[in-house]
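>>> Here is a sequence with its predicted model. Questions after.
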Number of protein chains: 2
Amino acid sequence: MTLKAIGEFGFINTIRRGCLIRPGNVVKAIGDDAAVFATEKGEVTLLTTDMLVERIHFLRDATTGFNLGYKSLAVNLSDIAAMGGTAKEAFVSLAIPKECGTGYLEDLYRGMKTLAAAFDVNILGGDTTGSEADLVINISVVGSAPEEEILYRDTAQPGDIIFSTGFLGDSRAGLHMILNNISSDSEALKELFNAHILPRPYLREGRFLARQSGVHAAIDVSDGLSSDLRHIVRESKTGARLRTEKIPISKNLEQFCNQFDSDPVEYALAGGEDYTLLCTISSDHADHVAREYFEEFREPLYPIGEITDSENIELVNPGGEVRTVTPSGWDHFNK
Amino acid sequence: MTLKAIGEFGFINTIRRGCLIRPGNVVKAIGDDAAVFATEKGEVTLLTTDMLVERIHFLRDATTGFNLGYKSLAVNLSDIAAMGGTAKEAFVSLAIPKECGTGYLEDLYRGMKTLAAAFDVNILGGDTTGSEADLVINISVVGSAPEEEILYRDTAQPGDIIFSTGFLGDSRAGLHMILNNISSDSEALKELFNAHILPRPYLREGRFLARQSGVHAAIDVSDGLSSDLRHIVRESKTGARLRTEKIPISKNLEQFCNQFDSDPVEYALAGGEDYTLLCTISSDHADHVAREYFEEFREPLYPIGEITDSENIELVNPGGEVRTVTPSGWDHFNK
């Protein structure tokens, strides 16, 4: 079926079902000039927005609609997670090329709705329009949090322990598989592929961390450990020291790096799109928070180094050798 | 200067200045994973989003960056106006082709900032990324309003008088000028051109109408009088009767239609992008509201017809002749 056959409003009607997950605070969902909703009492509003462009962020033929929709929403939810917020409402704008059929688009919405339902997020509105060339997806997500609990980038303090909520570098391995046509013929490769394709937003974990005493700063790993940690240290006017042997590398990535002769630490530092949270916790609270975190999620909070009062990010090898980490993450205009 | 030379974060730093117009309720502006702001006490949140795509909505060579930025924000502010809200925070996502220089982009931001400042709206965040082909602009605008004052599309009632806050059809004439290379060599043509290029969001007027008793429904004229009124009558399960001689046609459009042998009423019905507000007011409040409106803005509220209990939109000529208006506005997938 083509969009031309069903029209703009026909399309909106087909995707409407399953968009309203948590109707409690919604006054008006899809269907007017704007959506209308109430913010949680005593909380402030968080808003993040991300644009995904065909041939820049994805190849339409190399991904399913479902996976594309899922990831487009996941990267936005991850930004709310990195602030310690609860994600509430999503707004989806699509610029759709003529040859893109309604099947692909419904699949795309199915991916978004699956993730939205898993995290109690409404899809409350958006915009649909045509495109002469590329499929473009812009999602805005509204969240909320108590003002005094929000986690920023510029509030790390020297002496803080730096943690990651999950493995780093897996997503880069998944991307390597896609770019080099390596098929997912083992459980390990399948999991690396999925780390890139269906990233997990650490929303509950971010909210948990934001509630704990001593958690100072947080960011999500979208551009790579070195780039994202750099945001924290630059804006907090601090430095950082990472311990090579502490960087959480999955068994899958170790196996992959043996097989393809790569360095897993490089994958972790420069890879990006892991969407784990990096957070910094004062040294006198760090052990307690890590224990509570494990109690809550049955997953470790990985300590990877500490915030320093230098201006650099240093990497210390087990032998004590120190090297300065240069930024190697993603800049959209400088590849 | 190219974006590649200054990089993504260099670009963000150049456009940052002048984005924060009304800092009072802002906790965190541009520069973290999400913006953070407080909603007005006792009010609910409105959110609208619109995507503008090169070669669909605009030709980059045929518009200045300033005008493109101005209009991109104006169409979003107009959606908040049509709900009777106050616009508060804007979020701008850009997908930028390689050959698009920083001069054009700074000009685009200058257009947005000029309009944002005029309506007390912050630009609080967004996303910038690359594009292989077209420039794409997505803007999300957050507004707020007391819940009991918001104006919807589905609340018109038979007997309501239908009003427009301004002339209809001017924007279509401006578009005709652009498509046919007609230069603005008279004051009249210049004003028609500007009606298309720099549309005025009726934000203060929308808020004023939302506060009055008896104002039932509203929408902004983005797709054309016939299409946008159709949204109101369909969703309110009513019909409408328009009076040909009451449709507000500017002197400029009359002059233009004489010169180019067109029908101004057709321009008004099918044109679109006028961004005036259509509202429906109960007949016993209509005169009073129109008088108060004139007192406040020194501009008339134009009565153009009434809501009926039929299912159609009818157009009545001064001679009493009635014809049914078919939808003729814009559908992005059905041109």
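Now that the structure is in, tell me what you want to look at.

>>> CA atoms of stretch A:174-191 as PDB?
Provided in PDB are the C-alpha atoms of stretch A:174-191 (Å, rounded to 0.1, in the frame of the first residue of the first chain):
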ATOM      1  CA  GLY A 174      27.700  -4.700  16.000                       C
ATOM      2  CA  LEU A 175      28.200  -1.800  13.600                       C
ATOM      3  CA  HIS A 176      31.400  -3.400  12.400                       C
ATOM      4  CA  MET A 177      29.400  -6.500  11.600                       C
ATOM      5  CA  ILE A 178      26.900  -4.500   9.600                       C
ATOM      6  CA  LEU A 179      29.500  -2.500   7.700                       C
ATOM      7  CA  ASN A 180      31.400  -5.700   6.800                       C
ATOM      8  CA  ASN A 181      28.500  -8.000   6.200                       C
ATOM      9  CA  ILE A 182      29.400 -10.300   9.000                       C
ATOM     10  CA  SER A 183      26.300 -12.500   9.800                       C
ATOM     11  CA  SER A 184      25.100 -13.200  13.300                       C
ATOM     12  CA  ASP A 185      26.000 -16.900  13.200                       C
ATOM     13  CA  SER A 186      26.800 -17.300  16.900                       C
ATOM     14  CA  GLU A 187      25.000 -16.300  20.100                       C
ATOM     15  CA  ALA A 188      27.900 -13.900  20.900                       C
ATOM     16  CA  LEU A 189      27.700 -12.200  17.500                       C
ATOM     17  CA  LYS A 190      23.900 -12.000  17.700                       C
ATOM     18  CA  GLU A 191      24.100 -10.200  21.000                       C
END
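
>>> who touches that stretch?
Applying C-beta atoms under 8 Å, 6 or more residues apart in numbering or on different chains, the contact partners of stretch A:174-191 are A:62, A:170, A:192-197, A:250-252, A:255-256, A:260, A:262, A:271, A:273. For glycine as for every other residue, the C-beta is placed from the backbone atoms N, C-alpha and C.

>>> Mind checking which of the residues you listed are buried?
Buried by 16 or more other C-beta atoms under 10 Å in any protein chain shown: A:170, A:192-197, A:250, A:252, A:255-256, A:262, A:271, A:273, out of the contacts of stretch A:174-191.

>>> so which of these comes closest to B:Thr114?
If you rank the buried ones among the contacts of stretch A:174-191 by distance to B:Thr114 using C-beta to C-beta, A:Glu273 comes first, at 36.7 Å.

>>> in what helix or strand does the closest one lie?
For A:Glu273, there is no enclosing helix or strand under DSSP states H and E.

>>> right, and it touches A:His196 too?
Yes: using C-beta atoms under 8 Å, A:Glu273 is in contact with A:His196, at 6.3 Å.

>>> Residues that sit against both of these two, list them.
Contacts common to A:Glu273 and A:His196, judged by C-beta under 8 Å, 6+ apart, are A:171-172, A:175.

>>> possible to save the residues you listed as JSON lines with neighbour count, pLDDT and secondary structure?
Listed next are the shared contacts of A:Glu273 and A:His196 as JSON lines, based on neighbours: other C-beta atoms under 10 Å in any protein chain shown; pLDDT from 0 to 100; DSSP: H, G, I helix; E, B strand; the rest coil:
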{"residue": "A:Ser171", "neighbour count": "28", "pLDDT": "97", "secondary structure": "helix"}
{"residue": "A:Arg172", "neighbour count": "26", "pLDDT": "97", "secondary structure": "helix"}
{"residue": "A:Leu175", "neighbour count": "19", "pLDDT": "94", "secondary structure": "helix"}
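
>>> Among those residues, which one sits closest to A:Thr102?
Using C-beta to C-beta, the shared contacts of A:Glu273 and A:His196 come closest to A:Thr102 at A:Leu175, 29.0 Å.
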